[in-house]
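Undergrad: This is a predicted model, with the sequence first.
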Amino acid sequence: MKDGSGEESNVAPSVHSYSSRPGSHRYKNAKKGLPFNLMLVGEPGLGRTTFLNTLCESTVAQPAEIPNPEQAHIAEPMRFKHYAVDMEEDGMKIMLNIVDTPGFGNGTDSETCFNQIQEYIEAQYDEVLAEENRIKRNTKFRDARVHAVLYFINPTGHSLREIDIELMKRLGNRTNVIPIIGRSDSLTPRELVLFKQRIMNDISFFNVPIYDFPNNEEDEDDETAEENAELRMMMPFATVGCEEVINQDGRPVRVRTYPWGVVQVDNDEHSDFDRLRYVLLNSHIGDLRERTQSTLYELYRTEKLSNGTAATPEVTQGAVALGMQPRSVAV
Ligand SMILES: Nc1nc2c(ncn2[C@@H]2O[C@H](COP(=O)(O)OP(=O)(O)OP(=O)(O)O)[C@@H](O)[C@H]2O)c(=O)[nH]1
């Protein structure tokens, strides 16, 4: 594990086994590990840190320290915090890079946060664009394009707020935005169903360009098409973060414990966490990476080149004038 500096790394073996699910093993042959860059965005207290640790099955990130009462009114500005974890997922090595955004919506005006996040995502595209145009390639180049943003929605039970719609609209044309309901155990199953419906109605009404599961019937077998249809119906994923691991009938179970019972994080009847994890680290990791490269980055590159503001303008404009296509950097 490493915190941004890129120095150490732990391989986190998974307690999950998805080999029976459709789509698993798709990228089993990636030898060095498949890089996957994930960003977490959401207001403080929605469970981003707990989610990150639950996803990685280890304490990768420490919860934010509670400020002393004298300083509690001072809002910390948003910053980017990096984590890197090597995972082994159902026989597939993954180099998972997570960018967290503590301080988002924490008093700083939302426009500043939106700009910072958008600039971060675009800066990674600029790096790739510059690398593509370099005459001598940097063999150590690290592609940090964000393959997916998980946007945490407050489990109010009402509908989306303006800040949710605005942010997802801003980012949806730049990256794969996957909305999730944080701390979803705050809602009853019935409230959750209604809340999900309202959120999806808003997303559709305001044309928010969130990630859509592939809907290409010609290229998909029945099982994959069915799986994608089912996942589409589950949006936004309702997640619960693990608080403790208990022993149930001799096996470890990740839960949150309440006076009236336990919520099992990996139980599909209690939360969508396990399905979301499977989507991110197994069945749709390829599609998220591919869409980043072929659709979102290409769109950005075209915009940049047509505006004449590419990362290395002289080289790129010269190449375009000569009808040359820049070399692509493999994702
Ligand atoms: N009920 C419930 N509580 C949760 C869940 N996940 C986290 N929490 C609790 O919510 C509080 C905040 O969780 P964090 O994971 O620190 O939230 P965060 O979004 O990282 O917040 P900041 O670190 O302040 O940015 C903690 O008390 C967690 O134990 C969840 O799924 N359900």
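TA: Sure thing, it's come through.
Undergrad: what's the neighbour count on T295?
TA: A total of 12 residues lie near T295 under the criterion other Cβ atoms under 10 Å. C-beta coordinates here come from the backbone N, C-alpha and C atoms, glycine included.
Undergrad: From here on, call the first residue 55.
TA: Taking 55 as the first residue, the last one we looked at is T349.
Undergrad: and it, how far is that from the ligand?
TA: 29 Å (Cβ to the nearest ligand atom, to the nearest Å).
Undergrad: Is the nearest residue to Y354 once chain neighbours are set aside in a helix, a strand, or coil?
TA: Of all residues not flanking Y354 in the chain, Y179 sits nearest, at 4.7 Å (Cβ to Cβ, 6 or more residues apart in numbering). On the three-state scheme (DSSP: H, G, I helix; E, B strand; the rest coil), Y179 is labelled helix.
Undergrad: does Y179 really touch Y351, like I thought?
TA: Yes. Applying Cβ atoms under 8 Å, one finds Y179 in contact with Y351, separated by 5.7 Å.
Undergrad: residues bridging contact with the two, i.e. touching both?
TA: Shared contacts of Y179 and Y351, defined by Cβ atoms under 8 Å, 6 or more residues apart in numbering, comprise R199.
Undergrad: just to revisit the earlier point, burial check on the residue nearest to Y354, number of neighbours?
TA: So Y179, with other Cβ under 10 Å, has 23 neighbours.
Undergrad: got it, and the one 4 residues further on?
TA: For L183, the tally of surrounding residues (other Cβ under 10 Å) stands at 21.
Undergrad: Next, find the distance separating it from N227.
TA: 17 Å (Cβ to Cβ, to the nearest Å).
Undergrad: what's the neighbour count on M222?
TA: Neighbourhood size, M222 [other Cβ under 10 Å]: 23.
Undergrad: elements contacting the helix or strand hosting it?
TA: Per DSSP states H and E, M222 falls inside helix 216-226. For helix 216-226, the packing partners by 3 or more Cβ pairs under 8 Å, 6 or more residues apart in numbering; DSSP states H and E come out as helix 164-187, strand 202-207, strand 231-235.
Undergrad: Nearest to the ligand among these would be which one?
TA: strand 202-207 (6.8 Å; Cβ to the nearest ligand atom).
Undergrad: Tell me the strands beside that closest one, with direction?
TA: If you go by DSSP bridges, strand 202-207 pairs up with strand 88-95 (parallel), strand 231-235 (parallel).
Undergrad: and the first one with helix 164-187, angle?
TA: Taking axes from the mean of the first three to the mean of the last three Cα atoms, to 10 degrees, strand 88-95 and helix 164-187 form an angle of 160 degrees between their directions.
Undergrad: is any part of strand 88-95 close to the ligand?
TA: No. For strand 88-95 and the ligand, the contact criterion (Cβ under 6 Å from any ligand atom) is not met; the two come no nearer than 8.2 Å.
Undergrad: and that strand, what's its mean pLDDT?
TA: For strand 88-95, mean pLDDT rounds to 97.
Undergrad: Please identify the buried residues of it?
TA: Judged by neighbour count (16 or more other Cβ atoms under 10 Å), strand 88-95 contains these buried residues: L88, P89, F90, N91, L92, M93, L94, V95.
Undergrad: can you put these in JSON lines and add distance to L248?
TA: Listed next are these as JSON lines, based on distance: Cβ to Cβ, whole Å:
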{"residue": "L88", "distance to L248": "37"}
{"residue": "P89", "distance to L248": "38"}
{"residue": "F90", "distance to L248": "33"}
{"residue": "N91", "distance to L248": "34"}
{"residue": "L92", "distance to L248": "29"}
{"residue": "M93", "distance to L248": "28"}
{"residue": "L94", "distance to L248": "26"}
{"residue": "V95", "distance to L248": "24"}
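Undergrad: which among those gets closest to the ligand?
TA: Nearest member of the buried residues of strand 88-95 to the ligand, counting by Cβ to the nearest ligand atom, is L94, at 8.2 Å.
Undergrad: Identify the residues contacting the closest one.
TA: By Cβ under 8 Å, 6+ apart, the neighbours of L94 are R102, F105, L106, I152, V153, D154, T155, V203, L204, F206.
Undergrad: What of P313?
TA: By Cβ under 8 Å, 6+ apart, the contact set of P313 is empty.
Undergrad: Give the ranges of residues in the stretch 55-204 of the chain that sit below the confidence cut-off.
TA: Within the stretch 55-204 of the chain, the segments meeting pLDDT under 70 span 55-85, 119-129, 161-162.
Undergrad: which residues touch E176?
TA: Here E176 is in contact with R228, Y354 (criterion: Cβ under 8 Å, 6+ apart).
Undergrad: In stretch 192-203, which residues are buried?
TA: So stretch 192-203, judged by 16+ other Cβ under 10 Å, has buried residues D197, A198, R199, V200, H201, A202, V203.
Undergrad: restrict the residues you listed to contacts with the ligand.
TA: Contacts with the ligand within those, as defined by Cβ under 6 Å from any ligand atom: none are present.
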